[in-house]
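A.B. asks: Output the structure for:
(chains A and B)
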Number of protein chains: 2
Amino acid sequence: MAERVEIVEVGPRDGLQNEARIIPTADKIALVDRLSACGFARIEVTSFVNPKRVPQMADAAQVLAAIARAPAIRYAALAPNLRGFEAAREAGAGEVAVFASASEGFSRANIGCSIAESMERFAPIMEAAEAAGLPVRGYVSCVTHCPYDGKVAPEAVADVAMWLLDMGCFEISLGETLGQALPKDTGAMLDAVLARAPAEKLAGHFHDTSGRALDNVGVCLDRGLRVFDASIGGLGGCPFAPGAAGNVATEALALMLAERGFETGLDHRRIAQAAAYARGLGA
Amino acid sequence: MAERVEIVEVGPRDGLQNEARIIPTADKIALVDRLSACGFARIEVTSFVNPKRVPQMADAAQVLAAIARAPAIRYAALAPNLRGFEAAREAGAGEVAVFASASEGFSRANIGCSIAESMERFAPIMEAAEAAGLPVRGYVSCVTHCPYDGKVAPEAVADVAMWLLDMGCFEISLGETLGQALPKDTGAMLDAVLARAPAEKLAGHFHDTSGRALDNVGVCLDRGLRVFDASIGGLGGCPFAPGAAGNVATEALALMLAERGFETGLDHRRIAQAAAYARGLGA
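C.D. replies: So this is what the prediction gives:
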């Protein structure tokens, strides 16, 4: 039997969060509902960030309330702080994600605090999540390159990943945010992390800015990782270049995995339909 | 004496318009004020688009009202329709820009109507602008590639450019939106446009998604174009990859032009400072 690889669909969150034009709430719901028919085990639906800072996510609770939930699917939401966590829980998120950076420059620019401070901020979330019985996923961004600090030390990634695991995250998604990693960069980063954490706890999250996302997924597969994030239709890339530079596109990743003989459980025809719908949304 | 080339700074509009995170109004004003010290003759400050669709531009009038205007600089704003034009005029824009596409797919996706319909929409703007004595610049997007329709016929670009010139635009900015043009694509497009319009009426607007923006500027320079759009700090690229894939960065273009012996009138030290400030904004 073919070995299983899970694609975590993050387009409605990571994709749309980077889209400057506001997508109507009904269209977001329709996108998630289309994705629910594709065979994913997890879909990251939205993010409970400050709506004044990211207006696109102002309807997070509405979207989570209105999607047609399939019992087999876990619908996740990102929460940057305890307030976001509480809102996500109240809106019925089945999984919550926290977001850290492996580079100080990106942490300060993106989260507004140092890496250490971001960890302090997560502590009450982890506590509340445990009390609520909600699994927490940890994102680590800038795992090889940072737009502010340049190359990121593999050991720094391992430190942040271990920190998140020790705090109680069930899985760490290693995010190559800039899309500049060569396979050797990804390999060196993974070697450092895998020296301290098992592959079963890790997911790969690649951006395709330089067209190398699938190569980097290959490096992860070779080292035993079996969970990858992707965005339907390549949502979240450059506003004017759909699919060109955002998250690796779900449809491309699903195809690559199928070609390599992995089983994803995804319905390729429905994926293609959802991708076409997603690409129209960015318009 | 060195030949003159003008860089039109479009970062505050074309750059920030694609940024999903809301930049505080005060920071936008501070950015424009820094740019006003750099030596530009024109700065595109903002866009009077629907704030429900693009919340980043909701403070368009506030920004135009609060910037410290240098008498020698023309502060421009984009207006998608007559209502936007009136708002831009009331806010004291010294130049207005309209935005068309050379491809039907992008026109429909981006402007919500066919190319011909977009021209009809511009007619009342041109009339009102003439009455108000305001110069109107015409943007043509997707001059070589369209994310929806693929390759764009050079003749289609010439058609739209001539349409805009005939309607009264004083200058046409030819936008290579996707950043995928090879120099030969740009050359073929220019040949078609230059067969019908003089180089003095044309500006080049390139995105650096594939790292070829400066090569394409070179093709334009060889054919006599002397006006180019750029965004300080490469604003307007991928949200997570400052400078990687947006408009060609003003500082990079200014340097390239200086190396080629052109005079831009820009203060390179102040440009560098403004670029550093701009890069911090996207954070």
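A.B. asks: What mean pLDDT does the strand or helix carrying A:Ala97 get?
C.D. replies: Secondary structure assigned from DSSP states H and E places A:Ala97 in strand A:95-101. What strand A:95-101 shows for mean pLDDT is 97.
A.B. asks: Show the secondary-structure elements that it is packed against.
C.D. replies: On a contact count with 3 or more C-beta pairs under 8 Å, 6 or more residues apart in numbering or on different chains; DSSP states H and E, strand A:95-101 meets strand A:74-78, helix A:82-90, helix A:115-132, strand A:136-141, helix A:154-167. No exception for glycine: its C-beta is placed from N, CA and C like everyone else's.
A.B. asks: how about those, which one is nearest chain B?
C.D. replies: strand A:136-141 (8.0 Å; C-beta to the nearest C-beta).
A.B. asks: Neighbouring strands - and their directions - for the closest one?
C.D. replies: Strand A:136-141 sits in its sheet next to strand A:95-101 (parallel), strand A:171-176 (parallel), going by DSSP bridges.
A.B. asks: Can you add mean neighbour count and give those strands back as JSON lines?
C.D. replies: JSON lines is the format used below for those (neighbours: other C-beta atoms under 10 Å in any protein chain shown):
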{"stretch": "strand A:95-101", "mean neighbour count": "25"}
{"stretch": "strand A:171-176", "mean neighbour count": "25"}
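A.B. asks: What residues does the stretch 51-200 of chain A have near chain B?
C.D. replies: Residues of the stretch 51-200 of chain A found near chain B (C-beta under 8 Å from any C-beta of the partner chain) are A:52-56, A:108-110, A:141, A:147-148, A:177-180.
A.B. asks: among those, which are in helices?
C.D. replies: Among those, the subset assigned to helices under DSSP state H is empty.
A.B. asks: which one of the residues you listed has the most neighbours?
C.D. replies: Most neighbours among those, by other C-beta atoms under 10 Å in any protein chain shown: A:Thr177, with 30 neighbours.
A.B. asks: Read off the pLDDT value for it.
C.D. replies: 87.
A.B. asks: residues contacting it?
C.D. replies: Each residue near A:Thr177 by C-beta atoms under 8 Å, 6 or more residues apart in numbering or on different chains is listed here: A:106, A:141-143, A:145-147, A:207, B:240-241.
A.B. asks: export the residues you listed to CSV and tack on pLDDT and distance to B:Lys28?
C.D. replies: CSV is the format used below for those (pLDDT from 0 to 100; distance: C-beta to C-beta, whole Å):
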residue, pLDDT, distance to B:Lys28
A:Phe106, 89, 22
A:Ser141, 94, 26
A:Cys142, 94, 26
A:Val143, 97, 32
A:His145, 92, 28
A:Cys146, 90, 25
A:Pro147, 81, 20
A:His207, 89, 27
B:Phe240, 45, 21
B:Ala241, 46, 21
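A.B. asks: Need the nearest residue in space to A:Glu130, chain neighbours excluded.
C.D. replies: Among residues not flanking A:Glu130 along the chain, A:Gly168 sits closest, at 6.4 Å (C-beta to C-beta, 6 or more residues apart in numbering or on different chains).
A.B. asks: In the stretch 1-150 of chain A, which residue sits closest to chain B?
C.D. replies: Counting by C-beta to the nearest C-beta, the stretch 1-150 of chain A gets nearest chain B through A:Ala109, at 3.1 Å.
A.B. asks: Look up how far B:Val136 lies from that residue.
C.D. replies: As judged by C-beta to C-beta, to the nearest Å, A:Ala109 and B:Val136 stand 37 Å apart.
A.B. asks: If we go by neighbour counts, what in stretch A:13-24 is buried?
C.D. replies: Across stretch A:13-24, burial judged by 16 or more other C-beta atoms under 10 Å in any protein chain shown covers A:13-23.
A.B. asks: Output those as JSON lines; include the columns secondary structure and pLDDT.
C.D. replies: What follows is those, written out as JSON lines (DSSP: H, G, I helix; E, B strand; the rest coil; pLDDT from 0 to 100):
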{"residue": "A:Arg13", "secondary structure": "helix", "pLDDT": "94"}
{"residue": "A:Asp14", "secondary structure": "helix", "pLDDT": "90"}
{"residue": "A:Gly15", "secondary structure": "helix", "pLDDT": "88"}
{"residue": "A:Leu16", "secondary structure": "helix", "pLDDT": "90"}
{"residue": "A:Gln17", "secondary structure": "helix", "pLDDT": "88"}
{"residue": "A:Asn18", "secondary structure": "helix", "pLDDT": "83"}
{"residue": "A:Glu19", "secondary structure": "coil", "pLDDT": "85"}
{"residue": "A:Ala20", "secondary structure": "coil", "pLDDT": "85"}
{"residue": "A:Arg21", "secondary structure": "coil", "pLDDT": "87"}
{"residue": "A:Ile22", "secondary structure": "coil", "pLDDT": "92"}
{"residue": "A:Ile23", "secondary structure": "coil", "pLDDT": "93"}
